Each structure stands twice: as C-alpha cells, then as structure tokens.
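Colleague: A predicted structure for the sequence below; I have some questions about it.
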Amino acid sequence: MPNPANKEVMDAKERKNMIYSVIGVAIMLLFRFLPLNLPEVTPVGMQVIGIFLGTLFLWTFVDPLWASLIAIGMIGLSDYAPMPQLLKECFGNATVVQVFFLLIMSGALVYYKVTLYIGRFFLTRKFSIGKPWVLIWVICVGTYFMAGFINAFTAVFLFWAVMYDVFEEVGYKKGDAAPRVILTLIVVSALCGFPMAPYAQNGLALLSNFAKITETLPGGAVHVNNGAYMAVAITTGMLMIACNILIAKFVFRPDMSKLKNLDIDSMNRNPLPPMNQRQKTIVGGFTVLVLCMMLPSLFSKIPGMSFLAQNLNGLPLVAVAILAALRADHEPVLEVPKVIQNNFNWSSYFIIVAAILLGGVLTNESTGVSAFLKVILSPLFTGLSPVAFTVFLLIVAMVLTNMCNSLVIGMILQPVILTYCVQSGANPAPIVTMLIIFVLLSAAVTPAASPFAAVLHSNKEWVPTKYVYTYTIPFVLAELAIIMLVGIPMANLLMAV
C-alpha cells in the first residue's frame, strides 16, 4: 500500500518542478521584451540571451535532459536560424559526434563489467591500502594526464565508470558525501588537464587565434613558446590537484572510512574471474583508441600522425564500428543496442549538445554579444600595470567563463589583451598564456561553462546541483590563487622578452 507521506512529498516535488519549468520557459520567451539598452546586442541577441538564461535556470532547478531539449527547440524557433540549419549546426558538430561514440565506448566498459577489473586493480595496490586520499590523488593525476594528452571526455567517462564500481564494492550509495566529492574532483582534474598541451584541443585553438589576430603587429604574429607554456600548465595543474584534494579532505571532510577500512584480504580471497574473450577484445579496442588519440600530440612528425590528428573526432566512431563487427560467442563483441539501452547517459549527451550549441550561438556575429562584451570590458583595463591587468583579466575571465562557454570567452578576451599590450607596450605572451590556461580550466561551476561542467551537472543522482556549486566554487577560487601566486610570476619569468 502506498505511503501517503511519500506520495505527498512526490506531489510537492512535481509541483515545484512544474513551477520552475514555467519560470524557465517564461525567461526564454519574455527576456527579449525587457527595456534593456545593451550596446551592440541585436534583437536576435536579446532572444538568444533570454534562451541562455532560461536554460541555465532550468539546468539548475529542473531536469537537465529536458532543459537541454527545450533550449535546442527554442533556438530553432527564434530568429537566429531556420530549424533545419540549426539542427545541422547542433548535431553535426564534430565534438557532439565524438561524445556520442565515447559514451557508447564508456558504456560498453560498464555493461561488460570491464571497469570492475580496473577498480579492483586500484583498490588492491599497496600504496592505496588504508590511504583513501592517496588513491584519490592517483585517480586525479591519471585523469589530469589523460585529459591533457588524450581527451578530457575519455578521462571523465572512464574514471567515473571505474569509481561507480568501487563505490558498489565498498558500500557507498547515491547521496553519500564521499562519492559526491570524488566524482567532482575527477571532473575538476580533467579540466585542469584540458589546456595542458599547447598543440591540442582548445589550447591550440586559442593560441592559433591569438597568432592570427596579432599578425598585423609591427613585430609580426605573437607565438607562445610551447615548452614554456607547458611548463607553466603542468606546474600549476599539479599544484591545483593537490590543493583541491586538501580542500576536499580538510574542508568538505567526507566520510572515507569505507575506503580506509576496506578488507583487502577478503577481496583477494574472492578474486574476479578471468576476463573472457569479449572483455579482452573491448579492453584492447579501448587501449588502441586511447593510443590513437594520444600519439599525434606526442609524435607529430611520424608519417600518418597528421592523418590521425585531422580525424580525432571520428576515432571513437571507428572503434565502435570495428568492435561491433568483431564476433565473440557468435555475437558482436560490442552489442550497440544493448549498451545504449542499458548504459548510455542521455542526460550527459544532450546537456553537452545544448552547451556547445549555446556557446556558438551566443558569439555568432548576428547576436552582437561578443561586441557588447568588448565594449564593456575594454575601458576597465585602461591604466593598469601588466600584473594588475593580468589579475583583473583572469578574475573577469573566471566570472564570464562560468556564464558562457570557456572557449568563447577566451576568444572574446584576446582582442582586449591585444589592445592593452599595444597601448602599454607589455609583453602579450605571458598574459595570453595565463588567460588560455585559466579560462579553460576554471570552467567548472555552471553547465554553460564547458561540456565537462555540463556532464557534472547532468549527474544529479550522484552529485545534486547544490553540491556542484558547493564544491566547484572553492576549487575554482583556489585555482585562481595558484595562478596568481605561481602561474603569473612563472610565465613572466619564462617568457621574458
């Protein structure tokens, strides 16, 4: 017989969701009619800003999957672009395709229980026995380097899947503090690694963009030294991971006793059965995929690496196709329909789709949003010393990147750096280096900040929205402090003219 108290709670939750849904949609529809005079922002821009703000509200207070779908639909019904063009821009994005097949690959690791073996490996290492924070540090460092040299999505999806099995093994449940903190640390560590390599991902895009916009300078285009960039990125990144773990341990203080008191002897007495042929093939396929995604950034001069680099976004698709073609026990090694039905995270997928779309739409020339930000920001930096300018710029970047896509904000703020350096004679290399590194790694707080933050927000069962904000804000502020105390002096030293 249903419990009346539970029914009353569910009814109240449904009413609250309905109210929040109405508010979110109202923001999307009515913001454009507010009597605001935003310089350079067009009528299309007002529509898009309203949809963005409404989506951010719905992501926070309602269901992220539904919020993402309504956001895509609203943009398609706005004056931004006809729906067919919008859908092509949305689902034809290379990153969106890459994420779809990476989710299938990571789902296969879970569905076929490969992650059980990876998790058991980490739990039974001598260095981690009775030392849960050492185990978390190893996981975060692994996430960091995988995000930097391979792909941040791959790192998050892999280590999240591994930790889910670890939680089940030791007895943690959804709602417990330790899983909330650990899963958040994995995403934050992936973000720290995301800008590490100056020859890959968004770091390369922003460095290339700055070289392009500085071509007209008397001294020619500004090219940041890759070695100096990477030295700053790795030094500050490793410090950030250590600092964030200390914050988690001494400030958030989750109960780690189940990891600390884990009975290793019992686990060793009950080992997992040997991997079957299907599991071994999936592990081999995933390993080859990881290597193919990593090698172009490390050995770019070897024949064939440029071809891989140009087709990185499609490699997960190829991996899924090959594993689906191979046979085990007269069935496909990777049974795509079963994986999608049982272990595909649709919330993560659609929130990433919507976040990428919103970032591109907001900075489209037809909206005037980029021009508006330049008009507002440029006067704020006049008369500052190079260090003060860099500090102020990073604070602005931190705020803006958690309201809008990090790559977008990086692109918008680069002309501001150029204007300042032309007027003051400052060396732009260390300033743009710190902007690129920090704007990409600090995009952790809101779903709109980056696809990785969107993934974190989509995982409401393990990390409810309020805890995402509770954890990520202190982490980002600590990262800002490390950038100011270590990153800026180090960049100025290594990149001195």
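Modeller: Perfect, I can see it now. The structure displayed is predicted, hence computed values, not measured ones.
Colleague: quick one: contacts for residue 113?
Modeller: Residues in contact with residue 113 (C-beta atoms under 8 Å, 6 or more residues apart in numbering) are 165, 279. The C-beta positions use only the backbone N, C-alpha and C, and glycine is treated the same way.
Colleague: ok, now how distant is it from residue 287?
Modeller: Noted for residue 113: a distance of 17 Å to residue 287, by C-beta to C-beta, to the nearest Å.
Colleague: what do you get for residue 245?
Modeller: Residue 245 is 28 Å from residue 287, by C-beta to C-beta.
Colleague: Compare these two and say which is more crowded by neighbours.
Modeller: Using other C-beta atoms under 10 Å as the criterion, residue 245 and residue 287 rank with residue 245 on top: 20 against 10.
Colleague: From residue 252, how far out is the more buried one?
Modeller: 10 Å.
Colleague: quick one: low-confidence parts of this structure?
Modeller: Residue ranges of the chain with pLDDT under 70: 1-11, 199-201, 216, 218, 263-270, 297-298, 497.
Colleague: quick one, longest helix in it?
Modeller: Taking DSSP state H as the criterion, the chain has its longest helix at helix 4-30.
Colleague: Which SSE is immediately downstream of that one?
Modeller: Remark: after helix 4-30, the chain's next helix or strand is helix 43-61, criterion DSSP states H and E.
Colleague: Quick check: buried residues in that following helix?
Modeller: Neighbour counts using 16 or more other C-beta atoms under 10 Å place 44-61 of helix 43-61 among the buried residues.
Colleague: now stretch 109-120
Modeller: Residues 109-112, 114-120 are the ones in stretch 109-120 that count as buried (16+ other C-beta under 10 Å).
Colleague: Max pairwise distance over those residues: which two?
Modeller: Using C-beta to C-beta, these span at most 17.3 Å, a distance reached by 111 and 120.
Colleague: all helices of the stretch 301-450 of the chain, in order?
Modeller: Assigned by DSSP state H, counting those that start in this stretch, the stretch 301-450 of the chain shows helices spanning 305-310, 315-325, 336-343, 346-362, 369-377, 386-401, 406-424, 428-441.
Colleague: Which stretch among these is buried most, on average?
Modeller: Of the helices of the stretch 301-450 of the chain, the one with the most neighbours on average (mean count of other C-beta atoms under 10 Å) is helix 428-441, at a mean of 27.
Colleague: Return the list of helices and strands in contact with that one.
Modeller: helix 177-193, helix 201-213, helix 226-247, helix 386-401, helix 406-424, helix 465-482, helix 488-494 (3 or more C-beta pairs under 8 Å, 6 or more residues apart in numbering; DSSP states H and E).
Colleague: got the angle between the third one and helix 201-213?
Modeller: Right, helix 226-247. Helix 226-247 runs at 140 degrees relative to helix 201-213, counting by axes from the mean of the first three to the mean of the last three C-alpha atoms, to 10 degrees.
Colleague: what's the next secondary structure element after helix 226-247?
Modeller: Per DSSP H and E, the first helix or strand lying C-terminal to helix 226-247 is helix 257-260.
Colleague: Go ahead and name everything in contact with stretch 163-170.
Modeller: Looking at what lies outside stretch 163-170 - C-beta under 8 Å, 6+ apart - the contacts are 110, 113, 115-116, 118-120, 122-123, 139, 173, 176, 178-179, 182-183, 186, 258-259, 262, 267.
Colleague: ok, 10 Å please
Modeller: Here stretch 163-170 makes contact (C-beta atoms under 10 Å, 6 or more residues apart in numbering) with 109-110, 113-120, 122-123, 132, 135-136, 139, 159, 172-174, 176, 178-179, 182-183, 185-186, 256-263, 267, 462.
Colleague: Quick check: nearest residue in space to residue 420, chain neighbours excluded?
Modeller: Spatial nearest neighbour of residue 420, excluding adjacent residues (C-beta to C-beta, 6 or more residues apart in numbering): residue 381 at 5.3 Å.
Colleague: Tell me, how many residues neighbour that neighbour?
Modeller: Neighbours of residue 381 under the rule other C-beta under 10 Å: 20.
Colleague: Surely it touches residue 415?
Modeller: No. Using C-beta atoms under 10 Å as the test, residue 381 is too far from residue 415 to be in contact (11.6 Å).
Colleague: In contact with the nearest residue to residue 349 once chain neighbours are set aside, which residues?
Modeller: In space, and not counting its chain neighbours, residue 349 is closest to residue 103: 5.9 Å by C-beta to C-beta, 6+ apart. Each residue near residue 103 by C-beta under 10 Å, 6+ apart is listed here: 153, 157, 316, 339-340, 343-346, 348-349, 352, 455.
Colleague: Now name the helix or strand holding residue 103.
Modeller: Using DSSP H and E, residue 103 sits in helix 94-111.
Colleague: who's in contact with the helix or strand just after that helix?
Modeller: Counting by DSSP H and E, the next helix or strand C-terminal to helix 94-111 is helix 114-123. Among residues not part of helix 114-123, those counted as contacts by C-beta under 10 Å, 6+ apart are 106, 108-110, 128-129, 135, 138-139, 142, 158-170, 259, 262, 264, 267-268, 271-275, 278-280, 282-283, 286.
Colleague: Can you list which of those are found in helices?
Modeller: 106, 108-110, 135, 138-139, 142, 158-170, 259, 264, 267-268, 278-280, 282-283, 286.
Colleague: Show me which of those are buried.
Modeller: Buried subset of the ones in helices among the contacts of helix 114-123 (neighbour count, 16+ other C-beta under 10 Å): 106, 108-110, 135, 139, 142, 158-167, 169-170, 259, 278-279, 282-283, 286.
Colleague: Now do the contacts for residue 203.
Modeller: 148, 194-197, 224, 226, 229-230, 233, 407, 410, 433, 436-437, 440.
Colleague: Could you rerun that using 8 Å?
Modeller: Contacts of residue 203 by C-beta under 8 Å, 6+ apart are 194-197, 229, 233, 436-437, 440.
Colleague: How about residue 69?
Modeller: Counting by C-beta under 8 Å, 6+ apart, residue 69 makes contact with 350, 354.
Colleague: name the element it belongs to?
Modeller: helix 64-77.
Colleague: Which SSE is immediately downstream of that helix?
Modeller: Following helix 64-77 in sequence order, the next helix or strand is helix 83-91 (DSSP H and E).
Colleague: And that following helix, what does it pack against?
Modeller: Packing contacts for helix 83-91, counted by 3+ C-beta pairs under 8 Å, 6+ apart, involve helix 64-77, helix 346-362.
Colleague: In this structure residue 363 contacts residue 406, no?
Modeller: No. At 11.8 Å, residue 363 and residue 406 do not qualify as touching, with contact defined as C-beta atoms under 8 Å.
Colleague: measure stretch 192-212 end to end?
Modeller: Distance across stretch 192-212, first residue to last, is 26 Å (C-alpha to C-alpha, to the nearest Å).
Colleague: for that stretch, which positions count as buried?
Modeller: Neighbour-count burial for stretch 192-212, with 16+ other C-beta under 10 Å as criterion, is recorded at 192-198, 200-204, 206-207, 209-210.
Colleague: Perfect, I'm done here.
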